[in-house]
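**Student:** my questions concern the predicted model and sequence given below.
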Amino acid sequence: MRQLTYAMHFRGQASRSVDKATVLRTTSSGTSCRMETVVGPTGVETTLHPAPGDLAFLDYELRLTEGDAFEGEGVLTFGEEENDHALHFKTAYPGHLGPSANPGVMHGTVSWRVSGGAGRFQTATGFIASTFTLNEAGELSDYHCGLIFVSE
């Protein structure tokens, strides 16, 4: 198996399901990028720099459960061709979504368990760590760090 890692920033929208108020549907995209993390006098600073390459598309559904917890599943597609190279994932443990220190902004975190996909990710396994914010207008900002294993 080959080990792949990635770090990306996705931006998009979240909206409540018309059928169920406890379901949030999200759709977002992220550009190819390079991450630079510098440890210095102020602690740590991270910057994402644009890089040549295609977009990635992230779609998932969250089902709000008790308190600030949620469960969900989704698909992360790399490249412009729909489902060419896609990761399928579900919550490994309940995620958390709650108010942040900024008024009108919720923040959350979740560990996604990769369970296969399409293209080069057909037999993929691994985990994706996600931390995100969601404002009152439904604007989503989602940071991913993934550790994926694929067949050679």
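**Tutor:** Arrived safely, thanks for sending.
**Student:** neighbouring strands of the strand ranked longest in the chain in the sheet, and parallel or not?
**Tutor:** The longest strand of the chain (DSSP state E) is strand 43-64. Sheet pairing of strand 43-64 (DSSP bridges) gives strand 23-40 (antiparallel), strand 69-78 (antiparallel).
**Student:** and the contacts of it?
**Tutor:** 7-10, 12, 17, 22-38, 70-80, 89, 95, 97, 142, 144 (C-beta atoms under 8 Å, 6 or more residues apart in numbering). Every C-beta, even on glycine, is put in place using the N, C-alpha and C of the backbone.
**Student:** can you pull out the low-pLDDT segments for the chain?
**Tutor:** 81-83 (pLDDT under 70).
**Student:** could you say which of the strands paired with strand 43-64 is packed most deeply?
**Tutor:** strand 69-78 (a mean of 20; mean count of other C-beta atoms under 10 Å).
**Student:** contacts for it next, please.
**Tutor:** With C-beta under 8 Å, 6+ apart, strand 69-78 has contacts from 24, 26, 54, 56-65, 83-91, 94-97, 108, 110, 112, 117, 128, 144.
**Student:** equivalent analysis for stretch 103-118, please.
**Tutor:** 70, 72, 74-75, 83-93, 95-100, 121-136, 146, 148.
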